[in-house]
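*Asks:* could you work out the structure for the sequence below:
(one chain, ligands or ions: 2)
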Amino acid sequence: MSYPDNFEGFAVVDSHKKWLSPEKVVYPAKQFNPRDVDIEIEACGVCGSDVHCAKGNWGEMKLPLVVGHEIIGKVVRLGDKCDTGLKVGDRVGVGAQVSACLDCNRCNNDNEQYCPKFVTTYSQPYFEDGYVGQGGYASHIRVHEHFVIPIPESLETNNVAPLLCGGATVYSPLKRNGCGPGKKVGIVGIGGIGHMGILLAKAMGAEVYAISRSHAKEETSKQLGADHYIATEDEGWETKYFDTLDFMVLCGNSLSAVDFGKLPKILKAQGVIASISVPDQHEAIHLHPAQLLGFQITQSCLASRAEIIEMLNLVAEKKIKLWVETVPISEENISTVFKRMESGDVRFRFTLTDFDKQFDQFKAKK
Ligand SMILES: [Zn+2]
Ligand SMILES: [Zn+2]
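*Replies:* Numbering: from 1, shown residues only. Ligands and ions are numbered 1, 2, ... in the order given. Predicted structure coming up:
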């Protein structure tokens, strides 16, 4: 009942009434393949997706469900075909993707997050054998080495965790749209991912516009490094900033409050709106073709391995610090953290810590 055959984690056992009451469960580990890596988990960020999945917002999921895909830990075992240079004892991260075919045109061009055989870290069956992975609120995870990212030495475990999904997800569209000196970039929605968006866009050299509904986040956005702040509850903002931005990234966890009539007006002609928001399954964007005049809209997904490595190097080089609140992992604390995520009561991201205290009996012998 223990490692290496079984892992232990905190799971949602009922996505309706009891989603706020996770319970400790033991579950069988995935079959160990020659390019797999076993990781003893030390910390895990709490992503908005964790809450969406726990609540069942994205549809029914196989229960019990251990969420968490901003994982930092130590390598404890390597398959004999591993060749990315990892060693036992290395500190590594795992984000929201754990598999892809690694053979198609997309995979061969740093677009593995758009591979038709994409598998998410938890809740989605693997194509080969139907095994359903569990996430990082757990003692261990077993992952193909392509999705295991080395962590630069200077970065702190608890501070770097949220970059593995949230940070990477906003970095990819920033990078692909040419974020850098001379570019004017909008970050729409100043929450967990939005705060990372401001920090990263600024570090990449862009002029950053933080965009939010009210003025409530103006002060913190400036502290994070935003050069400008737009509150969309103000009268006439779309005229004042007409034709200003090269592109913008939508970082909120819902699109229902986004005004697609006004927002595109502040873009230059054919500017880009990249959304990384994955709202409730029942939410949809309804746009008349005339509303699409003169801009482009796209949905961006996670980031490639190459982009995650590049982002972590940037964060190390520029000494970027996320705003993270750490919370020791436990049933009670996960419940509290989920509630606070729901009410937006976090500046700006949680990292669950102290895994060794909860999963002691499962640690591999050192
Ligand atoms: Zn995530
Ligand atoms: Zn592929």
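*Asks:* what's the distance between Ser214 and Ile230?
*Replies:* Counting by CB to CB, to the nearest Å, the gap from Ser214 to Ile230 is 11 Å. C-beta: built from backbone N, CA, C; applies to glycine.
*Asks:* which one of those two is surrounded by more residues?
*Replies:* Per other CB atoms under 10 Å, whichever of Ser214 and Ile230 has more neighbours is Ile230, with 24 against 10.
*Asks:* need the residues of the chain near ligand 1, please.
*Replies:* For the chain, the residues in contact with ligand 1 (CB under 5 Å from the ion) are Cys47, Ser49, Ala96, Cys165.
*Asks:* nearest to ligand 2, of those?
*Replies:* Ala96 (16.3 Å; CB to the ion).
*Asks:* give me the spatial nearest neighbour of the residue of the stretch 151-300 of the chain found nearest ligand 2, chain neighbours excluded.
*Replies:* Proximity of the stretch 151-300 of the chain to ligand 2 (CB to the ion) peaks at Ser172, 16.7 Å away. Nearest residue to Ser172 in three dimensions, chain neighbours excluded: Ala303, at 3.9 Å (CB to CB, 6 or more residues apart in numbering).
*Asks:* show me what from the protein comes close to ligand 2.
*Replies:* Near ligand 2, when you scan the chain using CB under 5 Å from the ion, you find Ala100, Cys101, Cys104, Cys107, Cys115.
*Asks:* now stretch 97-115: buried residues?
*Replies:* Using 16 or more other CB atoms under 10 Å as the test for burial, stretch 97-115 gives Gln97, Val98, Ser99, Ala100, Arg106, Cys107, Asn111, Glu112, Gln113, Tyr114, Cys115.
*Asks:* tell me what the helix or strand harbouring Val160 is packed against?
*Replies:* Using DSSP states H and E, Val160 falls within helix 157-160. Helices and strands touching helix 157-160, by 3 or more CB pairs under 8 Å, 6 or more residues apart in numbering; DSSP states H and E, are strand 36-46, strand 71-78, strand 324-328, strand 349-353.
*Asks:* 7 Å instead?
*Replies:* Here helix 157-160 touches strand 36-46, strand 324-328, going by 3 or more CB pairs under 7 Å, 6 or more residues apart in numbering; DSSP states H and E.
*Asks:* deepest in the core, which of these is it.
*Replies:* Sort the helices and strands packed on helix 157-160 by mean neighbour count, taking mean count of other CB atoms under 10 Å, and strand 36-46 sits at the top with a mean of 25.
*Asks:* what would that one look like as CSV? C-alpha coordinates only.
*Replies:* This file holds the C-alpha atoms of strand 36-46, laid out as CSV (Å, rounded to 0.1, in the frame of the first residue of the first chain):
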residue,chain,number,x,y,z
ASP,A,36,9.2,7.8,-16.7
VAL,A,37,10.4,9.7,-13.7
ASP,A,38,9.1,9.3,-10.2
ILE,A,39,9.0,12.5,-8.2
GLU,A,40,8.5,13.0,-4.5
ILE,A,41,6.4,16.1,-4.2
GLU,A,42,7.4,19.0,-2.0
ALA,A,43,5.0,21.7,-2.9
CYS,A,44,2.1,22.3,-5.3
GLY,A,45,0.5,25.6,-6.4
VAL,A,46,-3.3,25.9,-6.3
